[in-house]
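> sharing a sequence plus its predicted fold:
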Amino acid sequence: MKLIETPSWQALAAHAAAMQPQHLRQLFAADPDRFRHFSIRHDGLLLDFSKQRVNAETLRLLHAVAQAADIDGWKQKMLAGETINHTEKRAVRHMALRAGEQAPAEVKAVLERMQRFCESVHSGQKRGFSGERITDVVNIGIGGSDLGPRMATEALAAHQQPNIAVHFIANVDGADIAPLLARLNPRTTLFIVASKTFTTQETLTNAQTARTWLLAASGKESSIAEHFVAISTNLELTQAFGIAPDNVFEFWNWVGGRFSLWSAIGLSLALAIGWQQFAKLLAGAHAMDQHFINAPASNNLPLTLALLSLWNIDFLGASTAAMLPYSQSLALLPAYLQQLEMESNGKQTDRDGDPLKLASCPILWGEAGTNGQHSFYQLLHQGGRIIPCDFIALREADFPLPGHHVALLANCLAQSAALAFGQTADEVQAAGVPEALAPYKVFPGNQPSTTLVMPALTPYTLGQLLALYEHKVFCLGVLWNINSFDQWGVELGKQLATQLTPLLEGEADTTAFDSSTQGLIAALRH
Ligand code: F6P
């Protein structure tokens, strides 16, 4: 029986019909202690979901749906290493990467190699072909082999190691790598080629360009070994590229690309912030894993986020969700979460191969506050759509300057309050707004939001935060009965790009393609 056919789902649907017309103003008026009733504190974090359009009955019914979907059973399957990524016949074990003493021996061995490598770069023991210290590290990767370390390196800029700069190249557009190479010194630059499969066109093209650039300066093949390391699950292809086995940091096919920050893919981050800080990131994520596994449902942060998302999407009709970190350091978090959520759950076929009969992953987007306030928040307030928002606020600033942090936090709280409660026609009138202008000044409110308060942005809390969203994604996958760990939807475009490359390069026959593609080839090829 599909989840939507179960009595628990149907009870929730009936309840949703009763909740739809209720305004957050009414919900707050009905329960003066609403903040306490709809918030969770755990390990320094505070999740306030009192501005979501739920009441106690909603939560009771949502938890019944979670039980009917057997989230606990799926959690156990994941922990037991079952092949829950059934379309790729793989287990899903990214939690093992950050399990500390409980981590598998193969994980510990790679972590130890990473630590030694980081320490040798930081101490200056590792040198380039001319005997100079490494001053710049370039991570070449894309998707999960880029977004995690890139976002975390920026997020943890306050913890940056001195005397080393870490850069990220992803796009196959030469405009990404060319300006960077133009300002780097080949004698002091280390490249990390990060690719789970080591078949990704963008990464291999950029790596080839970097290789040519290095060889042009060094004039000797042996410099490749001194300046290139690879991170991959595919040791044959890394060797074929010319990277010696000693320079390869391995991970395993049971780590999904978008869940791989915790693996050797985190090497660029570890070089940026130092090994001890990287270890704290793993510890924070591990602590969140333990919470997810052990905390009761009513107090479980990832499960709560997932159930609120399910409620907003499948019962209140939201089709998009905004991620609004009030932290410039977390500016790349929306992009990171876009891959995590949309590549995992942007699917319409369930685990039985049947079409899904309900909406799955929303379109996720967002931007650091306060910048977004001066562009798209207009639509959040008065655009007429339901767009659930996740606000993130840090109690302590990572770059404290007089007057800045309090202004940032005031804006964060102002926005969630304005979105929730709006401004009624009566209030507009009472403020003396001229009648002709009054309709434009009405804010309907009732826009649901959650605010996550973190004590500060540190490696540990960032680990907590990312693992929180990873487990949210897992729970939603179970609720929608989809495999969150494959990504077949990216394959067709890759195949077509492979077919189109020679057509754009030459005069080959293009008639196999539609008239639009043929016309575009003709316009673009030289
Ligand atoms: O485009 C999809 C994808 O396979 C992602 O899932 C992955 O993170 C990215 O490409 C990069 O893949 P790889 O690490 O194998 O180069």
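Noted; the coordinates are in hand.

> what separation do you get for Leu269 and the ligand?
Distance, Leu269 to the ligand, using C-beta to the nearest ligand atom, to the nearest Å: 15 Å. Just so you know, the C-beta spots here come from the backbone N, C-alpha and C atoms, and that holds for glycine as well.

> assumed that residue was part of a helix.
Yes. Under DSSP: H, G, I helix; E, B strand; the rest coil, Leu269 falls within a helix.

> you'd agree it is up against Ala155?
No. Using C-beta atoms under 8 Å, Leu269 is not in contact with Ala155; the gap is 9.5 Å.

> what residues does the protein put near the ligand?
142-145, 195-197, 200, 203, 257-258, 343, 487, 490 (C-beta under 6 Å from any ligand atom).

> among the residues you listed, which one has the most neighbours?
Neighbour count (other C-beta atoms under 10 Å) singles out Ser145 as the most crowded of those, with 31 neighbours.

> give me every residue that touches it.
If a contact means C-beta atoms under 8 Å, 6 or more residues apart in numbering, then Ser145 has 194-196, 200, 203, 231, 257, 260, 265 as its contacts.

> roughly how far apart are it and Thr87?
Look at Ser145 and Thr87: by C-beta to C-beta, to the nearest Å, they are 21 Å apart.

> let me see the confidence value for Gly242.
Reported pLDDT at Gly242 in the predicted model: 85.

> centroid residue for this protein?
In the chain, the residue lying closest to the centroid (C-alpha atoms, centre = their mean) is Leu337, at 2.5 Å.

> the helix or strand where that residue lies: what's the following helix or strand?
Element membership of Leu337, judged by DSSP states H and E, is helix 333-337. Next helix or strand after helix 333-337 toward the C-terminus (DSSP H and E): helix 344-345.

> C-alpha coordinates for stretch 34-48, PDB please?
Below are the C-alpha coordinates for stretch 34-48, written out as PDB (Å, rounded to 0.1, in the frame of the first residue of the first chain):
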ATOM      1  CA  ARG A  34       3.600  28.700  21.200                       C
ATOM      2  CA  PHE A  35       7.300  29.300  21.000                       C
ATOM      3  CA  ARG A  36       8.000  26.800  23.800                       C
ATOM      4  CA  HIS A  37       5.600  24.200  22.400                       C
ATOM      5  CA  PHE A  38       7.000  24.400  18.900                       C
ATOM      6  CA  SER A  39      10.800  24.600  19.400                       C
ATOM      7  CA  ILE A  40      13.500  22.100  20.000                       C
ATOM      8  CA  ARG A  41      16.900  22.700  21.800                       C
ATOM      9  CA  HIS A  42      19.700  20.300  21.200                       C
ATOM     10  CA  ASP A  43      23.500  20.400  21.700                       C
ATOM     11  CA  GLY A  44      23.600  24.200  21.500                       C
ATOM     12  CA  LEU A  45      21.100  24.500  18.600                       C
ATOM     13  CA  LEU A  46      17.600  25.900  18.800                       C
ATOM     14  CA  LEU A  47      15.100  25.100  16.100                       C
ATOM     15  CA  ASP A  48      12.100  27.400  16.400                       C
END
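
> okay, buried residues for that stretch please.
Using 16 or more other C-beta atoms under 10 Å as the test for burial, stretch 34-48 gives 34, 38-39, 42, 44-45, 47-48.

> pull the contacting residues for Trp275.
If you count contacts by C-beta under 8 Å, 6+ apart, Trp275 has them with 114-115, 118-119.

> likewise Val137?
Here Val137 is in contact with 121, 164-167, 189-192, 268, 271-272 (C-beta under 8 Å, 6+ apart).

> which one of these sits closest to the ligand?
Ranked by distance to the ligand (C-beta to the nearest ligand atom), the contacts of Val137 are led by Ile192 at 12.1 Å.

> I'd like to know which elements the strand or helix carrying that closest one is packed against.
Using DSSP H and E, Ile192 maps to strand 189-194. Using 3 or more C-beta pairs under 8 Å, 6 or more residues apart in numbering; DSSP states H and E as the contact test, the elements touching strand 189-194 are strand 136-140, helix 201-218, helix 222-227, strand 228-232, helix 267-273.

> swap in 7 Å and give it another go.
strand 136-140, helix 201-218, helix 222-227, strand 228-232 (3 or more C-beta pairs under 7 Å, 6 or more residues apart in numbering; DSSP states H and E).

> which of these sits most buried?
Most buried of those, by mean neighbour count (mean count of other C-beta atoms under 10 Å): strand 228-232, with a mean of 25.

> pairing partners for that strand, with directions?
Strand 228-232 sits in its sheet next to strand 189-194 (parallel), strand 248-250 (parallel), going by DSSP bridges.

> and Thr349, which of those is closest to it?
Nearest to Thr349 among those is strand 189-194; the distance by C-beta to C-beta comes to 29.7 Å.

> ok and the closest one relative to strand 136-140, angle-wise?
Counting by axes from the mean of the first three to the mean of the last three C-alpha atoms, to 10 degrees, strand 189-194 lies at 20 degrees to strand 136-140.

> average pLDDT for strand 189-194, rounded please.
98.

> same question, stretch 363-379
Across stretch 363-379, pLDDT averages out at 97.

> stretch 412-421 now?
Across stretch 412-421, pLDDT averages out at 98.

> what do you get for stretch 474-493?
Averaged over stretch 474-493, pLDDT sits at 97.

> start to end distance for it?
26 Å (C-alpha to C-alpha, to the nearest Å).

> buried ones in that stretch?
Within stretch 474-493, the residues that qualify as buried by neighbour count (16+ other C-beta under 10 Å) are 474-487.

> same question for stretch 408-425.
Applying 16+ other C-beta under 10 Å to stretch 408-425 flags 408-409, 412, 415-416, 418-423 as buried.

> which residues touch Met151?
332-333, 335-336 (C-beta atoms under 7 Å, 6 or more residues apart in numbering).

> all set now, cheers.
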